[in-house]
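*Asks:* can't give you the sequence, but here's the structure:
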């Protein structure tokens, strides 16, 4: 059967009603501090980047994941799977179609917000109506359900958004010129990712040059910021970016994970990386 999302990027997500009960570590393999734990809201989508991995000790089994661009290690047991999965009311959702666009609920319509992808509503579930909660971010689609995020990422819900109800109950949000502006927090996050990447390469090359008495220049990226566009250009015109494909993939992965669930997307060219709002020009 043809799927509407057949050409869409696929991913596995971990969702929990009580994610704080999961055994989670940050990118330094330490317990989450209060600031890091702030994003652990019910149904906050953790994108799984490696289903079977180990901590740096080479012994402790884990899953690797990302939540809003931040790396997480989800501890697991070799035989029983994710630790505290039942207590956290957690579940893995494979083969999800990654979306990341924004929709609006049309005037006079409403959509049932669910706590789980199921056919019958449960207690405490509410409706989103155009008058109150008109705009939502579609994070991903799983079977006949879509995970929605509030624009401020302070709540997440499941909903059914049948394609045949598009432009009747809901519609894709079409941004105005003002909507195309890149928000300051995203601009700062992207600057941090490129800054950390360039600094890491600089340190590695400095060490290499000292050890081997070379004078190699690290292959960094120059960043140009505009109101509606961020452009990163490979800094060395004499070298081929494909010679550094592995480190570039690492950089792209960091950027894409930060953009996950937002209205902004990454566009690659041979020597450039551009970030702008989806469907923006």
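*Replies:* Everything's here; your move. These numbers were taken from a predicted model, which means no experiment stands behind them.
*Asks:* contacts and neighbour counts: CA atoms only from here.
*Replies:* Noted.
*Asks:* Please enumerate the helices of the stretch 1-150 of the chain.
*Replies:* 34-37, 85-88 (DSSP state H, counting those that start in this stretch).
*Asks:* These: which one's closest to residue 159?
*Replies:* Nearest of the helices of the stretch 1-150 of the chain to residue 159, taken as CA to CA: helix 85-88 at 21.2 Å.
*Asks:* Show me what the closest one is packed up against.
*Replies:* Packing partners of helix 85-88 (3 or more CA pairs under 8 Å, 6 or more residues apart in numbering; DSSP states H and E): none among the helices and strands.
*Asks:* so for that helix, what's the average pLDDT?
*Replies:* The average of the pLDDT scores along helix 85-88 is 96.
*Asks:* Then stretch 165-178?
*Replies:* Mean predicted confidence for stretch 165-178 is 85.
*Asks:* list the buried ones in that stretch?
*Replies:* 169, 170, 171, 172 (16 or more other CA atoms under 10 Å).
*Asks:* returning to that earlier point: will you turn the helices of the stretch 1-150 of the chain into a markdown table that also has mean neighbour count?
*Replies:* Shown next, in a markdown table, are these (neighbours: other CA atoms under 10 Å):
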| stretch | mean neighbour count |
| --- | --- |
| helix 34-37 | 11 |
| helix 85-88 | 16 |
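*Asks:* what about residue 111, how many neighbours?
*Replies:* By the criterion of other CA atoms under 10 Å, residue 111 has 19 neighbours.
*Asks:* and stretch 115-126, what's its mean pLDDT?
*Replies:* In the prediction, stretch 115-126 has an average pLDDT of 72.
*Asks:* oh, I was asking about stretch 228-239
*Replies:* On average, stretch 228-239 scores 90.
*Asks:* thinking again about what came up before, quick one, which of the helices of the stretch 1-150 of the chain is nearest to residue 155?
*Replies:* Nearest of those (CA to CA): helix 34-37, 14.5 Å.
*Asks:* average pLDDT for the closest one?
*Replies:* 81.
*Asks:* which residues sit against it?
*Replies:* 20, 26 (CA atoms under 8 Å, 6 or more residues apart in numbering).
*Asks:* Report the contact partners of the residue nearest to residue 85 when sequence neighbours are not counted.
*Replies:* Distance criterion CA to CA, 6 or more residues apart in numbering; nearest residue to residue 85, sequence neighbours excluded, is residue 22 at 6.5 Å. Contact analysis of residue 22 by CA under 8 Å, 6+ apart lists 74, 83, 84, 85, 87, 88.
*Asks:* roughly how far is the helix or strand bottoming out on mean pLDDT in the chain from the heart of the chain?
*Replies:* Least confident element among the helices and strands of the chain, by mean pLDDT, DSSP states H and E: strand 126-129 (a mean of 72). Offset of strand 126-129 from its chain centre (CA atoms, centre = their mean, to the nearest Å): 25 Å.
*Asks:* Strand partners (parallel or antiparallel) of it?
*Replies:* strand 110-113 (antiparallel) (DSSP bridges).
*Asks:* buried stuff in stretch 141-158?
*Replies:* Here stretch 141-158 shows 141-142, 145-151, 153, 156-158 as buried, counting by 16+ other CA under 10 Å.
*Asks:* Just flag the most distant two among these.
*Replies:* Top of the distance list for the buried residues of stretch 141-158 (CA to CA): 142 and 151, 20.1 Å.
*Asks:* circling back: now the helices of the stretch 1-150 of the chain as a markdown table including distance to residue 180?
*Replies:* As requested, the helices of the stretch 1-150 of the chain are exported to a markdown table (distance: least, CA to CA, whole Å):
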| stretch | distance to residue 180 |
| --- | --- |
| helix 34-37 | 28 |
| helix 85-88 | 38 |
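*Asks:* looking at those, which is closest to residue 137?
*Replies:* Comparing those by CA to CA, helix 34-37 comes nearest, at 21.5 Å.
*Asks:* hmm, back to that, which one, of the helices of the stretch 1-150 of the chain, ends up nearest to residue 251?
*Replies:* Using CA to CA, the nearest of these to residue 251 is helix 34-37, at 21.6 Å.
*Asks:* Identify the residues contacting the residue of the chain most remote from its centre.
*Replies:* Relative to the centre of the chain, and counting by CA atoms, centre = their mean, the farthest-placed residue is residue 213 at 40.9 Å. Neighbour list for residue 213: empty [criterion: CA under 8 Å, 6+ apart].
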